[in-house]
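Novice: I would like to see how this sequence folds:
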Amino acid sequence: TLIGGIAPARTLPILLDVGTDNAELLEDPFYLGWRHHRIDDDEYTGFIDRFVEAVQAELPEVLLQWEDFATPHALPILQRYRDRLLTFNDDIQGTAAVALGALRGATAVAGTRLRDQHVVMLGAGSAGVGVMEMVAQQMVDEGLSEADALARCWLVDVRGLLTADREDLSDAQRRFATDPAAVAGWGVGDGGLPQLGDVVGHVTVGVLLGLSTAAGAFTEEIVRTMAAKVERPIVFPLSNPTANAEARPADIDTWTDGRALVATGSPFAPLRRDGREVPVAQCNNVYVFPAMGLAVTAAHATRVTDAMMRAAAGALGAASPALHDADAPLLPPWAQVRELAEDMAVAVGLQAVADGVAPRRTEAELREAVRATRWEPGYDDV
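Specialist: Numbering: from 1, shown residues only. From the prediction side, this is the model:
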């Protein structure tokens, strides 16, 4: 939060401890958590309800940010409370906004639009679905119908392609499920599901994203197949930590003869091209959540909408160094995060006004409010 320089009074980091099922931790004398087996189902929901009620009673204007919640709980919690208080989920919406910001820069460098791409995501957890949801919304913003946007989004999990005849999908996943008839002619034998390689082989994929934690899943064959069909393949292995990345940027660069536009979810060493080092952009949520806190505080927003998140992504994409140098990173350096937060916060604030969740203000008024709200570190001499 302090990286964005926002006043801390309206944004509070809070840890919820719902226990653990790790027997060793429960017996460890140095374990600082609640010595209780992890709760679930109705008891879990009731616990979260009581917590939210307490927040609303004691801190009615605070921004509640959900962080590191397990996949079965993350999206249901967000859906349960997003229309009741000022809140967002950083792993779902923050990750999606940073990824979309990098995609905005990448598609501009590639000379295309996101709406014209087929986008494949390996990983169908809450973060993967969240990214694809924001990608589909952006395609609609660029002029596609919702049906056409969803038809360009391909979601693959550990079993294979999400298809409408699967019975193991959540409602959020089913929204992206492919009609089995559309892939019936792909020649996948024995009633099996198409795998990532099948999708890349049969579809002209322009964007390949990974939030699967499946190390090495973007193989040389898959990347080369993709690169043979598009001039500037966009490949984002977003899983972390580094050991879980779907591919190493250096390998992607080699397999595509330097044509790929790459961003990662973990830190990697710079690429070497023509005797120079090219930093690899890391899609870290720190680009977004400080600006979101600054925006809602300065604009006095009462909700965080999806369009506000896309506004943050748009401002981030507009600051991509690659727009001025195709070999530059897709995202600005960390040193510029604080400076960038102001422009992002203004863009988010303007969208909050447009969405009717903040009082009407002009851009100049919002910028003045953002600057007044920003926290400036200062230390008295002693």
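
Novice: touching, residue 360 and residue 352? I think so.
Specialist: No - applying C-beta atoms under 8 Å, one finds residue 360 not in contact with residue 352, separated by 10.3 Å. (Glycine included, C-beta is placed from N, CA and C.)

Novice: quick one: low-confidence ranges for the stretch 101-250 of the chain?
Specialist: Along the stretch 101-250 of the chain, segments meeting pLDDT under 70 span 189-191.

Novice: which residues of it fall in strands?
Specialist: Using DSSP state E, counting those that start in this stretch, the strands of the stretch 101-250 of the chain run over 118-122, 153-156, 205-210, 234-237.

Novice: got the angle for the longest one vs strand 118-122?
Specialist: It stands for strand 205-210. On the basis of axes from the mean of the first three to the mean of the last three C-alpha atoms, to 10 degrees, strand 205-210 is oriented at 20 degrees to strand 118-122.

Novice: mind listing the strands strand 205-210 pairs with, and their directions?
Specialist: Strand 205-210 has its sheet partners listed here by DSSP bridges as strand 118-122 (parallel), strand 234-237 (parallel).

Novice: which residues touch it?
Specialist: 99, 103, 106, 110, 112, 114, 116-123, 128, 131, 154, 199-200, 217-218, 222-223, 226, 229-230, 233-239, 245-247 (C-beta atoms under 8 Å, 6 or more residues apart in numbering).

Novice: the second one too?
Specialist: Contacts with strand 153-156, where a contact means C-beta under 8 Å, 6+ apart, come from 118-124, 128-129, 132, 135-136, 161-162, 173, 176-178, 195-196, 199, 203, 205.

Novice: whichever of these end up buried, select them in ChimeraX.
Specialist: Here is the ChimeraX command that selects the buried residues among the contacts of strand 153-156 (16 or more other C-beta atoms under 10 Å):
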select :118,119,120,121,122,123,124,128,129,132,135,136,161,162,173,176,177,178,195,196,199,203,205
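
Novice: in helices, which of the contacts of strand 153-156 appear?
Specialist: Per DSSP state H, helices hold the following members of these: 128-129, 132, 135-136, 173, 196, 199.

Novice: ok so, going back, more crowded one of residue 360 and residue 352?
Specialist: Using other C-beta atoms under 10 Å, the more surrounded residue of residue 360 and residue 352 is residue 352, with 27 against 8.

Novice: mind listing what's buried in the helix or strand that one falls within?
Specialist: Using DSSP states H and E, residue 352 falls within helix 337-354. If you call a residue buried by 16+ other C-beta under 10 Å, then helix 337-354 has these buried ones: 337, 340-353.

Novice: same for it, what does it pack against?
Specialist: helix 289-299, helix 306-318, helix 363-373 (3 or more C-beta pairs under 8 Å, 6 or more residues apart in numbering; DSSP states H and E).

Novice: for those helices, which one sits closest to residue 169?
Specialist: Residue 169 sits nearest to helix 306-318 of all the helices and strands packed on helix 337-354, at 21.4 Å, using C-beta to C-beta.
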